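Peer 1: Have a look at this fold, sequence not included:
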């Protein structure tokens, strides 16, 4: 098996753990499946499929779930990080896949640094397929800054929409409702930094 295939397999293993980790957190907090689903705004059957590894939730649904569970998306994918790991090599970083198009073609989040408790910020590359996006607006505590590496991104903050292109950047307070989608025919890649860690 090639090194690239090994990396892909490692990423897929991380994604298969999301359901188990959501179920574990739900049970630790004493929440029933129906209760968590209702509070997160999804159906119990959909949440069951997520917990059983059948489907991946959209970015917005994932954000809603971790909000109810009082954690963040990074916690779901956290690995034991060695303090010596301060360099993340291209092609070897973890990728979190979401499924906003229900076709495994929505949004991927490539983590630029390992997540460990106590991190003050988080940096990812949001890889957004044509037509893909956050699948709704979210808000949370913090600040966000981004830079469009390639492609186009339609960013909506508090109902105001801007189309950003390669080389454009943005900054906003995370408490403002925000969402995005790729309106273009090509994949968009966005360097996204937020504090505190959210994704």
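Peer 2: Sure thing, it's come through. Please read these numbers as outputs of a predicted model, since none were measured by experiment.

Peer 1: Confidence-wise, which helix or strand of the chain is lowest on average?
Peer 2: When the helices and strands of the chain are compared on mean pLDDT, DSSP states H and E, helix 3-16 comes out lowest with a mean of 42.

Peer 1: who touches the helix or strand following it?
Peer 2: Once helix 3-16 ends, the next helix or strand along the chain (criterion: DSSP states H and E) is helix 18-28. Residues from elsewhere that reach helix 18-28 (C-beta atoms under 8 Å, 6 or more residues apart in numbering): 32-33, 36, 47, 50-54, 56, 62, 65, 69, 71, 75-77. From N, CA and C alone the C-beta is placed, and that goes for glycine too.

Peer 1: Give the buried residues for the helix or strand following helix 18-28.
Peer 2: Per DSSP H and E, the first helix or strand lying C-terminal to helix 18-28 is helix 33-40. By neighbour count on 16 or more other C-beta atoms under 10 Å, the buried set for helix 33-40 is 36-37, 40.

Peer 1: Which secondary structure elements does helix 33-40 sit against?
Peer 2: helix 44-51, helix 59-68 (3 or more C-beta pairs under 8 Å, 6 or more residues apart in numbering; DSSP states H and E).

Peer 1: Buried only: go through the contacts of helix 18-28 for me.
Peer 2: 36, 47, 50-51, 56, 62, 65, 69, 71, 76-77.

Peer 1: As CSV, these with pLDDT and distance to residue 125 would be great.
Peer 2: As requested, the buried ones among the contacts of helix 18-28 are exported to CSV (pLDDT from 0 to 100; distance: C-beta to C-beta, whole Å):
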residue, pLDDT, distance to residue 125
36, 95, 30
47, 92, 28
50, 89, 24
51, 90, 28
56, 82, 18
62, 87, 17
65, 93, 23
69, 92, 25
71, 86, 22
76, 75, 18
77, 68, 15
